[in-house]
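Asks: How does the following fold in three dimensions:
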Amino acid sequence: MDVSADPEHWKRAAAAAAVAEVEDGMTVGLGTGSTAAHAVLLVGARVARGLRITAVATSRATADAARAAGIPLRAPDGLTAIDLCIDGVDEIDPRLRAIKGGGGAMLIEKIVATLARRNIAIADAAKRVDRLGARPVPIEILPAAQGLVTAAVAALGGSASLRTAHAAPVLTDSGHAILDARFGAIPDPSALARSLSGIPGALGHGLFVTEIDALYCAGPDGLSRQERPADA
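Replies: Coordinates of the predicted model:
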């Protein structure tokens, strides 16, 4: 197999470019998912060579991987800022607006991304889209709000379904269920994000419209970096 055509090779290349921005003494947010997993391993390799950082994990799975890689961890509780966050995306558009949460960690990911002075998305080329919406928008919900949130999504033109695995609800690390809301092409991600944020019982959602500062993306044409447009 030609490794240059392997999506995992692209993910690792994007992760390596982002990890190169990590500097001694930083507090670094580590994302969740298959692309972010490459970043965790690469940060761990740098720690083994003497890099001194502290990391904030966005999920139990990431925390376990970070510990296994020898990366010192701290909880986000009480933090008012961190230096850098590196995380993957499910989809990302030309204005660096994204859908995240395929791994079920979108609320903690958004908290850590918001804490970060610089938030870097990493992706393979398949995640770049002209318009968001091919993937569902995950919504973390309180149990009592499932009907309310489902109806509110329908009123916004979408349809919501409970995320399940083996006939049981998939729960976040905080113990909450996830609704996957499908809207088709999303003409105004900012307006939809505001509407979803205003639904009682919707604890968080996977639309990231202002949080991402830069994107490293790798694919058949090589590696590219894009900074957030000034007017975005």
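Asks: May I ask you to name the longest helix in this protein?
Replies: helix 34-48 (DSSP state H).
Asks: Give me the helices and strands touching that helix, please.
Replies: Counting contacts by 3 or more CB pairs under 8 Å, 6 or more residues apart in numbering; DSSP states H and E, helix 34-48 is packed against helix 7-19, strand 27-30, helix 60-68, strand 82-88, strand 116-124. In this view, the C-beta of every residue, glycine as well, is placed from N, C-alpha and C.
Asks: what's next to that helix, contact-wise?
Replies: 8, 11-12, 14-16, 18-19, 22, 28, 30-31, 51, 53, 55, 58, 62, 65-66, 68-72, 86-89, 122-124 (CB atoms under 8 Å, 6 or more residues apart in numbering).
Asks: In it, which residues are buried?
Replies: For helix 34-48, burial by neighbour count (16 or more other CB atoms under 10 Å) applies to 35-44, 46-47.
Asks: Out of the contacts of helix 34-48, which end up buried?
Replies: For the contacts of helix 34-48, buried by 16+ other CB under 10 Å: 11-12, 14-16, 18-19, 22, 28, 30-31, 51, 53, 55, 58, 62, 65-66, 69, 71, 86-89, 122-124.
Asks: Tabulate the helices and strands packed on helix 34-48 in a markdown table, adding columns for distance to residue 134.
Replies: Putting those into a markdown table (distance: least, CB to CB, whole Å) gives the following:
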| stretch | distance to residue 134 |
| --- | --- |
| helix 7-19 | 17 |
| strand 27-30 | 26 |
| helix 60-68 | 25 |
| strand 82-88 | 16 |
| strand 116-124 | 14 |
